[in-house]
Each structure stands twice: as structure tokens, then as C-alpha cells.
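K.L.:
Build the 3D model from these lines:
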Amino acid sequence: MRLQPPLIRYAAILSFLQPLLLLVLSQTSPSVTPINWDLYHSSDDLVEQIHSLVHRHPDKLSIETIKSGNKGYNAKVNVVTYCRGGRQSDDDRSNFRILLTFGQHGRELITSELAFRILSILSEEQFLPNHNGATLNNTLLLDKLVIKLVPIENYNGRKRVEAGDLCDRRNGRGVDLNRNWGVDWGKKEKDYDPYEENPGTAPFSEPETQIMRKLAISFDPHIWINVHSGMEALFMPYDHKNTTPEGLPSQKMRSLLEQVNKLHCQNRCMIGSGGGSVGYLAHGTATDYIYDVVRAPMAFTFEIYGDNQASSRDCFKMFNPVDLPGFKTLLNDWSAAFFTIFKLGPFHLDQNSTKAAEKWVSIDEYLDGYLVERKNRYGKNMEVIDVGMQEIKTYFRLFLLSSVLLMFMFCSRIAKSKYGRNSIPVMQ
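P.N.:
Numbering: from 1, shown residues only. Predicted structure coming up:
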């Protein structure tokens, strides 16, 4: 069918206006910045680089890959341990222990780059600005420090971002890992976004959070830091309520954050509770669980970068520096901030008393942590199937219950025996 003369004229007009329409649309619709692969590693390349770094420095670094899965979904988490003297010193409980995790949200690539920079400095292949190796060795008192570092907690979610979903923060099956922990899990605020904040079907429904919970319980850190991007902030508990902990622990945390803010943020970083500072409450977060349940004396969430001028659609630019000067400055400034934590952290905590307080955890959490600790200590890849774990937990509960019953029966018999003796009539 041929076009009629009036339609031909309309088609000619549209062909003339098309470039102008495209120009207007390009100005009114914000552009999306792609990942700058000249600055950033892919997830596979980053893991390979970290493995190579560990291989070159076995006297300081070791690495293990922890795997878990359920309902057809599998995840893996690489954990790098820094300890001078190698593995033999790793289990010395007199060491000051720090647990760091990066890349919990897939779109925050810069956090994993910072993890790699910190490891490179710890291995002494790179150095802090204005510091040399001798200065690092002499001033940071690293001999009694053990650091466990997770470079990419959300590996599957990172893969989704690399495939083009630049705004995705969730794991490989659509769950926000920082809403899947056990403290105040599942509560939804009025501004709840099911896409952004899906908490999962239950606390610790996701293999990634199961791995991290076991790691935290077995390692028992003095300091925990969960590293994110989106703004510049140094947060302490709590995320699920608009308040901070009371008393001396809160004062110690705030004092350390104020020093970091002054030295490395030039006092521009926000300090306070996540729930009271960021503008919304977050339920089921890692930091609240680590502080309330694992009972780490210091638990923080660091936000290391944010471009508040970027469009909400331009997520790579919003959460990651896109130019070389900004990229280098961020890594230099924040790696120095973490080494300040390594240096000052032990002085802000009385190591002889901070872990002496009673720590109440559930039987499930204890057994999970116990099995991971055995795996770390002996270097074996122990596969524990879900059925076996349930049996162990059931037997342990039955053992505790039977012990309590036996104790009760024993005490009752003693009481009856004493009562019987006292009730014998006295002969006159």
C-alpha cells in the first residue's frame, strides 16, 4: 500500500523534526553513566588479583572461600585474613580482632576497590600517602592485630550490576542483604520500597547472610565495619530506631568516629545513628545484629562516597566516583581512615574487659559459629548438610533439656530427704 500525498507531507515533516526531538529528549532525560572499566576491576578480575596478592604474601595474608546455598540458590564469600606470622597466630584470642565487609550492595563498586587497596597496603606492596613501610610498621602496632576482610560480600548481586542493572543493590535472587539480619527483621516503614528493601522470606534466609553471621560469631570481633557508598557518613548503632546506645560504649564509639572525621573527612562526614541521621529507619541490618547479638564492642557502618547531584537513574555515578582524580583521592583518604582505626581502635577499648561481658546467643548461632571456627582452625573444607545440622541442634537441645530435668530431680530428692529427717518426732 502506497502513502497518500497528505501522508507523504506528514512523513517529510516528521523526518525533518526527528533530530530536534531527539536533541530535546536527550536534554530532558538524564543520561546514564556506564561503568568505567579503566578505573574499576570486574568482580572476577578483582578476586583473581586478591588471590595473587595473598599468594605473594603467605606470611601476612591467607584466604578462604566459604560457600552456602538453599532452594537452588548458591552463594560464595571470599574471606581474607591479615595476621603477621601467618595462620599459627590467627587463633590467638589475645589479638585485637577487626571484621570488615565491603560490597554488600552490588551497585557500590568503589567499596570493593577500597578493600583491595587496604589489602595492598597491609601486604606492603602499596603505601599510604606520606607514609613509607617503616613508618607503617612502627606506628600501627599491627603485631597483635587480626583483620578479616570480605572484599565482595554480594558476589551474585555484583554480577547483575556488571550485566547492566546498574541500580541493583540486591543479591542474586532479589533480597537486600542489609535487611535480612535478625534484629527487628521484616518491619516495614511507610516509605518501604519492596524493590530496594526486600528483606527475604525470613531472617537469614539468604546464604550470604548465613555465611556472614557464622563468620562474625566464630571470629568474635572487637570492631565491625560495614562499608557502603551513597553519602559520606560514619554511622554507629542503631539503624532500626532513632537513638544510639547508652553509656560508655556509645561514648567510645562516638569519640573514635569524631577523630576519624576530623583527620580524614575534614569534619564533613555525618556522625550518629543510622536511623537518626540518614532520614529513614532500616530494619534487619547487619550492624544492629553485630552490636546487639554478637556483642561487638564497636559496630559501624561507613558511607564513603555519594554524588547528590547525580540523577536517581544514574546509579553508577551516584554511588561511585567516575573520574581518575576522584577515584584516587577517595582510595587514599579512606584507606588512611581505616589505618587510623587500626591504630586507635585498641586504645579506645579496654581489651581486657570489652569481651568479658556475658554474651547470650542462641543455640543455633553457637553451633553455626562453632562449625565455622573448626573449619577455619584446621583448614578443612567441611561440608555440613542442612539435615545434619538440624540433627546436631536437636540433640544439643535434648541434652540441655535432660540435664535441666536431672538437676531438678536431684535437687527435689535432696529437699525431700532433708524434710523427712527434720520431721521425725523427738522422743521425750
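
K.L.:
How about residue 174: what's its closest non-neighbour residue?
P.N.:
In space, and not counting its chain neighbours, residue 174 is closest to residue 198: 5.7 Å by C-beta to C-beta, 6 or more residues apart in numbering. (Glycine included, C-beta is placed from N, CA and C.)

K.L.:
wait, what's in contact with the one you found?
P.N.:
170, 174-176, 179 (C-beta atoms under 8 Å, 6 or more residues apart in numbering).

K.L.:
quick one: which two of those residues are the most distant?
P.N.:
The two members of the contacts of residue 198 with the most space between them (C-beta to C-beta) are 174 and 179, at 11.6 Å.

K.L.:
between the two, who's got more neighbours?
P.N.:
residue 179 (27 against 13; other C-beta atoms under 10 Å).

K.L.:
ok, that one touching residue 285?
P.N.:
Yes - the criterion here is C-beta atoms under 8 Å, and residue 179 meets it with residue 285 at 6.9 Å.

K.L.:
Please enumerate the helices of the stretch 101-250 of the chain.
P.N.:
Using DSSP state H, counting those that start in this stretch, the helices of the stretch 101-250 of the chain run over residues 109-122, 133-139, 155-162, 207-219, 248-264.

K.L.:
need those helices in TSV with mean neighbour count, can you?
P.N.:
Shown next, in TSV, are those (neighbours: other C-beta atoms under 10 Å):
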stretch	mean neighbour count
helix 109-122	24
helix 133-139	12
helix 155-162	22
helix 207-219	23
helix 248-264	17
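
K.L.:
Which one of those helices lies nearest to residue 303?
P.N.:
Here helix 109-122 is closest among the helices of the stretch 101-250 of the chain (C-beta to C-beta), at 9.6 Å.

K.L.:
any idea of the mean pLDDT in the closest one?
P.N.:
Across helix 109-122, the average pLDDT comes to 97.

K.L.:
repeat for stretch 218-236
P.N.:
pLDDT averaged over stretch 218-236 gives 96.

K.L.:
and the end-to-end length of that stretch?
P.N.:
22 Å (C-alpha to C-alpha, to the nearest Å).

K.L.:
ok but residue 98 is inside a helix, no?
P.N.:
No - counting by DSSP: H, G, I helix; E, B strand; the rest coil, residue 98 is not part of a helix but strand.

K.L.:
low-scoring stretches of the stretch 301-428 of the chain, by residue?
P.N.:
350-398, 415-428 (pLDDT under 70).

K.L.:
ok, residue 344 touching residue 256?
P.N.:
Yes - Residue 344 is within contact range of residue 256, at 6.2 Å (criterion: C-beta under 8 Å).

K.L.:
Please, which helix or strand holds the closest residue to residue 324 other than its chain neighbours?
P.N.:
Distances taken as C-beta to C-beta, 6+ apart place residue 39 nearest to residue 324, at 6.5 Å, with adjacent residues excluded. Assigned by DSSP states H and E, residue 39 belongs to no helix or strand.

K.L.:
With the one 10 residues further on instead?
P.N.:
Following DSSP H and E, one finds residue 49 within helix 43-56.

K.L.:
got a list of contacts for that helix?
P.N.:
41, 61-63, 78, 80, 112-113, 116, 119-120, 123, 125, 151-152, 155, 158-159, 162.

K.L.:
if you set the cut-off to 7 Å instead, what comes out?
P.N.:
41, 61-63, 78, 80, 112, 116, 119-120, 123, 151-152, 155, 158-159, 162 (C-beta atoms under 7 Å, 6 or more residues apart in numbering).

K.L.:
Also stretch 307-326?
P.N.:
30-36, 39, 107-110, 166-167, 229-230, 305-306, 327, 330.

K.L.:
related to what we said a few turns ago, count of neighbours near the residue nearest to residue 324?
P.N.:
Neighbours of residue 39 (other C-beta under 10 Å): 17.

K.L.:
show me the contacts for residue 280.
P.N.:
189, 191 are the contacts of residue 280 under C-beta under 7 Å, 6+ apart.

K.L.:
Assign it to helix, strand or coil.
P.N.:
In terms of secondary structure, residue 280 is coil; the call rests on three-state DSSP.

K.L.:
Distance check, residue 187 against residue 43.
P.N.:
32 Å (C-beta to C-beta, to the nearest Å).

K.L.:
Fine, thanks again, bye for now.
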